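[1] From the sequence below, what's the structure:
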Amino acid sequence: MGDFDRTKIRNICILAHVDHGKTTLADHLIASYGGGVLHPKQAGRLRYMDYLDEEQRRAITMKSSSIALQYEDHSINLIDSPGHMDFCSEVSTAARLSDGALVLVDAVEGVHIQTHAVLRQAWIEKLTPCLVLNKIDRLISELRLSPMEAYTRLQRIVHEVNGIVSAYKSEKYLSDVDSLLSVPSGDVGDDNFEFVEDDEEDTFQPQKGNVAFVCALDGWGFSILDFAEFYASKLGASSAALQKALWGPRYFNAKTKMIVGKKGMSSGSKARPMFVQFVLEPLWQVYQAALEEDGDRGVLEKVIKSFNLLIPPRELQNKDPKAVLQSVMSRWLPLSDRILAMVVKHMPDPITAQSFRISRLLPKRETLDNAGSSEVLAEAEVVRKSVEACNSSPTAPCVAFVSKMFAVPLKMLPRGEDLSNYADDASGESEECFLAFARVFSGVLHAGQRIFVLSALYDPLKGESMQKHVQEAELQSIYLMMGQGLRPVASAKAGNIIAIRGLGQNILKSATLSSTKNCWPFSSMVFQVAPTLKVAIEPSDPADMGALMKGLRLLNRADPFVEVAVSARGEHVLAAAGEVHLERCIKDLKERFAKVSLEVSPPLVSYKETIEGELSNPLDNLKQLSGSSEVIEKTTPNGRCVVRVKVMKLPTMLTKLLDESSELIGDIIGGKSGQDCKSLETSRGSIVEDENPIEALKKRIIDAVESDYTNGDSEADKERSEKCRTRWQKLFNRIWALGPRQVGPNLLLTPDTKGKFDDSPVLIRGHPYVSVRLGFLDGSDLSGKSADTSGVTDQTLWREAESLESSVVSGFQFATASGPLCEEPMWGLAFVVEVYISPLAAQPIEADASAPQSEQYGIFAGQVMTAVKDACRAALLQRKPRLVEAMYFCELNTPTEHLGSMYAVLSRRRARVVKEEMQEGSPLFTVHAYVPVAESFGFADELRRWTSGAASALLVLSHWETLPEDPFFVPKTEEEREEFGDGSSMPHNTARKLIDAVRRRKGLPVEEKVVQHATKQRTLARKV
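    Numbering: from 1, shown residues only. Predicted structure coming up:
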């Protein structure tokens, strides 16, 4: 592998929405330049990179796999990735190891939700993208568009993709769903669209050559450059001038032989842009000549003669017109040559790519100057510089990144491999072997070399305390990946993508490999979605429990995205990204890893609990915390402590922000400096790189709150906004803790201590730690507050109150982690907890008798904790509790005749339709809807069944939404009684049904009639 100059290497991945033609395109590239592993006649039908049985059966790619191609004097490492939303973690692993991305878009279906996701992934990982518009033939044969209509459609797609990329560049949208919904439908009219000048800043410009127009199934494709070279001599112009003119509003004046703009053409003439006249019209003529019964075969002969195509006569005499067309087109405009020429020209080699990707891969870390760590930092900087330069000399520090582990059956390893030393690879007698999917970023990797494996949490400055995050391992073998096949190599230089055997014991999912301990680990990969679909699994035969445990360990290592955990009830919970992903994981467990029959529970759906708080006036909402109304009071069993709790609903935007920023907030509260949090927020792409993350988060919190109350220009509105701003500022200065787990979307506020300095009982005041960490308060403010204790007479009582602060916080954490409705976490609530401690009652008997009396009800700190937890839960129940459920954003495509049955399926699933529009130039409707996660199981199957397979749906987790129904609704008014009766025989509403289902699953008591009719045995016929 050392033969290739690093400037002659290209590492590329193919990214696209599902079914847009990635694997078919890869087939043609492999058939032409894969060293004879695939016959060109099989290309597009064999799907070489989909070598798993499940992939062939479902006809979708489920994992990213690599193959090495030799094009002219270049070595191209091609990674094919899945397009299904459930496997987008595989897209992340492919993007991390690549330098460039081929983004495919279907010319008929256009931009879809996963197209947004892969463009975002390419932008986050700093990949250089090229656009490939696939299935151009469908515009001719299926939609039967004219060349002019096809041009308008292609231009609209290029314009839309450029819009998405520029939006990510300006960091306008943080969520793929938001950006999808914000694209207005038909934003530019048909009549003036063709005359839009391309912006110089646009990422994809056909005239620059980084856009290709292809038909992967028939094996042909072209870029503007090809046609510019064809016509250069014919029109007597330079190919460079033609290249600029063949896209956009440029016209060819046949009389003057000049290229002119729209104004240069006479008003009466039916002029077509040059792209239509010189590119699309010849293509249309060839297709019509070949496919139509009365087509002119002379056109094909003319093409063959003009371009000196060598086509065997037997192929031209084929009775199938499609086969004749394919043989002509694939020789006239060979797909693989065009695509790989574009890759070589427009995508960077590893040296160039690593120099601008280094800020994403190894962000600069500013550290405190420690005398002892200067050598470590110096060496770490040498390593970083070596990665930046892609240094491949044998003396350079060796650094590689493993993006995932993948399982290969032992029998698939190349013959002659010594497997005797394989027993230590965590699988024992298993038939699976784990390989690391890796890329060498610096130095040279040798088989048999000893190397350090660094986890993402490793810090070279902490030395001894970091032992658990670093291991030493020996690389047993290095392979060059050829799809399913593996070719052993002795060594791999920087810039190459390889598979490594021997790290099965050391790496769970991803890791950094380094020849020195003094190296920072690479930044973590960003996954577009979280594993939300959870099921509990157990073996059918309890005796197989050991095999299941072992199988789960292997599955956890083999799949980069699956999560395996043991729940509080002792169940083994498997979390996957979606139904297809879950089905594959269960199948792998049954047939490969555990090899036992399994019982799989119905999906475990997460909910949240909150209160009704959609007040039209935000000021009234804020007054709920300061007013004395609706205070919940609880007393500890020994009577010494009184807890008072008030609760308020937080604005939706603030709740969402706290939930999304939980990792960053966790780091900030944990005491990390702004610089240490830098890698986190830049990886999410949410904050500009040179900005302090703490300041930026503070600003976003204030903005989220302001969006709630700035909604008018009148004087009264401005005055109300000012009052809200002042009140929020005071609340932000009183944040004591967040919950659950210290980082959730609920706030614990310190009590308002104005005028409450009584001698007894003493109020536990708390400290606004979180306000200080987030920069709302200066740290010096805390020391001033703690000095106010002199007014309190009983110093012992005061010290006891201070020691109980942690009990109050713990009680709040317990309450927010499991609410009163069905023990699910709370969502978007602010609590003010006032805890008053009274002195011990004077005892007339000896002093030592007081000790057992105080301990009679258990330790006092535990009593306070329980009282706070119960009070917080009771406060939620008192203030109109509501259930919050997760929602999927659903994108559906369906022909017009199946719209009715599609809406029937949606209405059964409690879906809410957001938008529906006709796809221009096709019989398809696109519908956007929100579907509750609880109702989504089996949704795709039911939709296919009801629409005879014509409709397709894609689900992506979108947001949390409050169910408006009151789970404890009882008819009270006359109208309600008239509608629902007296409430005794009223069926439970949706919210109550969901709550009861969760309570039943968790083994909590449920109010329900066990015996429905206890009078006598009832027959099926009701003759009452």
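[2] Report the central residue of the protein.
    What sits nearest the mean C-alpha location of the chain, by CA atoms, centre = their mean, is Gln528, with 1.0 Å.
[3] Now do that residue against Ala436, distance only.
    23 Å (CB to CB, to the nearest Å). For every residue, glycine as well, the C-beta is placed using N, CA and C.
[4] before we move on, what about Cys724?
    Counting by CB to CB, the gap from Cys724 to Ala436 is 54 Å.
[5] Please apply the same query to Leu69.
    22 Å.
[6] quick one: which of the two has more around it?
    Counting neighbours by other CB atoms under 10 Å for Leu69 and for Ala436 shows that Ala436 has the greater number, 27 against 22.
[7] Pretty sure that one sits against Val408.
    No. Contact criterion CB atoms under 8 Å: Ala436 and Val408 do not qualify, at 11.2 Å.
[8] I'd like to know which elements the host helix or strand of Phe925 is packed against.
    Secondary structure from DSSP states H and E places Phe925 in strand 924-932. Using 3 or more CB pairs under 8 Å, 6 or more residues apart in numbering; DSSP states H and E as the contact test, the elements touching strand 924-932 are strand 881-895, helix 899-908, strand 912-918, strand 952-962.
[9] The stretch 451-600 of the chain: helices as residue ranges?
    Listed in chain order, the helices of the stretch 451-600 of the chain (DSSP state H, counting those that start in this stretch) span 545-558, 579-588.
[10] Quick one: the ones you listed as a markdown table, columns for mean pLDDT and mean neighbour count too.
    Supplementary listing: the helices of the stretch 451-600 of the chain in a markdown table, determined by pLDDT from 0 to 100; neighbours: other CB atoms under 10 Å:
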| stretch | mean pLDDT | mean neighbour count |
| --- | --- | --- |
| helix 545-558 | 90 | 19 |
| helix 579-588 | 90 | 20 |
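[11] Let me have the ones you listed in TSV, extended by distance to Val913.
    Converted to TSV, those look like this (distance: least, CB to CB, whole Å):
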stretch	distance to Val913
helix 545-558	37
helix 579-588	22
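[12] nearest to His84, of those?
    helix 579-588 (6.2 Å; CB to CB).
[13] Give me the phi and psi angles of Leu362.
    Per-residue torsions, Leu362: phi -130, psi 80 (degrees, to the nearest 10).
[14] check contacts around it.
    Leu362 makes contact with 384, 387, 520, 522-523 under the criterion CB atoms under 8 Å, 6 or more residues apart in numbering.
[15] what about Met148, neighbour count?
    17.
[16] Just the pLDDT for it.
    Met148 is assigned 92 on the pLDDT scale.
[17] Also the one 10 residues further on?
    With respect to pLDDT, Val158 scores 93.
[18] still on that earlier bit, any idea how far the residue nearest to the centre of the chain lies from Pro539?
    Distance from Gln528 to Pro539, by CB to CB: 33 Å.
[19] What of Pro1005?
    30 Å.
[20] Gln42 versus the residue found closest to Pro40 once you drop the neighbours it is linked to in the chain, what's the distance?
    Nearest non-adjacent residue to Pro40, counting by CB to CB, 6 or more residues apart in numbering: Ala31, 4.4 Å away. Note on Ala31: its distance to Gln42, by CB to CB, is 7 Å.
[21] ok, now Asn308?
    For Asn308, the distance to Gln42 - CB to CB - is 27 Å.
[22] same question, Val645
    Counting by CB to CB, the gap from Val645 to Gln42 is 70 Å.
[23] Between the two, tell me which one has more neighbours.
    Val645 (27 against 13).
[24] mind checking the SS state of that one?
    Three-state call for Val645 (DSSP: H, G, I helix; E, B strand; the rest coil): strand.
[25] show me the contacts for it.
    Neighbours of Val645 in contact, by CB under 8 Å, 6+ apart: 631-632, 634, 831-834, 868, 871-872, 874-875.
[26] how does it look with 7 Å?
    632, 831, 833, 871-872, 875 (CB atoms under 7 Å, 6 or more residues apart in numbering).
[27] Glu633 versus that one, what's the distance?
    8 Å.
[28] what does Phe222 give?
    In terms of CB to CB, Phe222 sits 77 Å off from Glu633.
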